Structure formats: structure tokens, C-alpha cells
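**Q** my questions concern the predicted model and sequence given below.
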Amino acid sequence: FLWLQLSALDGQISTLQAEKSQVEKTVKSAEKRLADLREFDKWESGDVVWLDELHYLSENLPPPEDAIVGQATLGALLTGGGRVELKGGVREASSIAPMEQSLRDERHEVQGSGGQADETLGVYRWQFTETVTVKPPVDDLLPAASPAPAAAASSAPVTRTGAGR
């Protein structure tokens, strides 16, 4: 009788071990998908909404009677965010520093070349080149990964690979 009970329990153990193995495979697959999704979410969150950036520039640059932008080059950065290079002219050299300051905030870093006198620009006698680096937004990311109970109990390490850009 005892032998029959032990045999039945051995059968249950085998069944439970097979179920556990299947659940661990499912968890490992889900963890990889979640890690890939986090990488995509991180990449997507670095996208710049260029229309918003153009609006920001138009609101923070001096009025047209004081400054003109002759060339604007916009581009995304591999690390997220973007870069805007502005080339143009202003009436007075003294208006370049305040312009740089008005473009600068917690999401926008500004680096300028100062100004150079340039009589070919008409009333805008001072040429400028400004590089505005747009930092990627940091909100809307998925929460950081936390170890799953099944993975923590497993003795095998879980390897995660993320999708690159």
C-alpha cells in the first residue's frame, strides 16, 4: 500500500516538474519580450516632435525685425533627442547672448559661436550660428524590470537582450 502511495506521489512530482519547466519557459519568453518592449519604449521616448520644437523656436527667438534665420538644420540623435543648427543674422551683436539665453531651458542646451560682423546680411549685420540640443523626454517609460518570482527561484541565470536602434 505504501509503495502505491509513493508511486502516485512520484507521478505527481513528475507532472508538477514538467508544468514548472513549461511555466519557466513561458516566463523567460515573456521577460525577453518585456525587455524588448522597454528598449523600444526607451527609443520611442527619445523621439522629438519637430513641430513642437519649431513652435518653441519661433516663440523664443527674437522678433523678425531684430533677427532672421537663414538656415535651420534639424536632426535626430542616436542617443535620443535631437539637434537644431540655426544660422542667421541679428541687428545688434548685443542681442545674441539674450537670444541664446531665451532658447535655453531644462530640455534645450544652447551652444553659440558668438557673432561675426557681416555687411552682406543687410540690416542684420551680425551673423550667428547656434546649436540647440534637444534632450529626450524622460517620462512615459515603462517601469524598470523587477525579478519575477519564478525567475528568482530558478538556479539558471536569465539573459536579457534588448532591441538596438
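**A** That came through, no problem.
**Q** next one: residue 16 from residue 22, what distance?
**A** 11 Å (C-beta to C-beta, to the nearest Å). Every C-beta, even on glycine, is put in place using the N, C-alpha and C of the backbone.
**Q** shaky segments in this structure?
**A** Low-confidence segments of the chain (pLDDT under 70): 42-43, 45-46, 138-165.
**Q** give me the helices and strands touching the longest helix along it, please.
**A** In the chain, taking DSSP state H as the definition, the longest helix is helix 2-45. Applying 3 or more C-beta pairs under 8 Å, 6 or more residues apart in numbering; DSSP states H and E, one finds that helix 2-45 contacts helix 149-153.
**Q** quick one: contacts of the helix or strand following the longest helix of the chain?
**A** Remark: after helix 2-45, the chain's next helix or strand is helix 50-60, criterion DSSP states H and E. Applying C-beta atoms under 8 Å, 6 or more residues apart in numbering, the external contacts of helix 50-60 come out as 72, 74, 82, 84, 86, 102-103, 108, 132, 134.
**Q** tell me the buried residues in helix 50-60?
**A** Going by neighbour count (16 or more other C-beta atoms under 10 Å), the buried part of helix 50-60 is 53, 56-57, 60.
**Q** cool, stretch 19-27 as well?
**A** In stretch 19-27, counting by 16+ other C-beta under 10 Å, buried: 24, 27.
**Q** same thing with stretch 70-80?
**A** Taking 16+ other C-beta under 10 Å as the neighbour-count basis, stretch 70-80 is seen to contain the buried residues 74, 76, 80.
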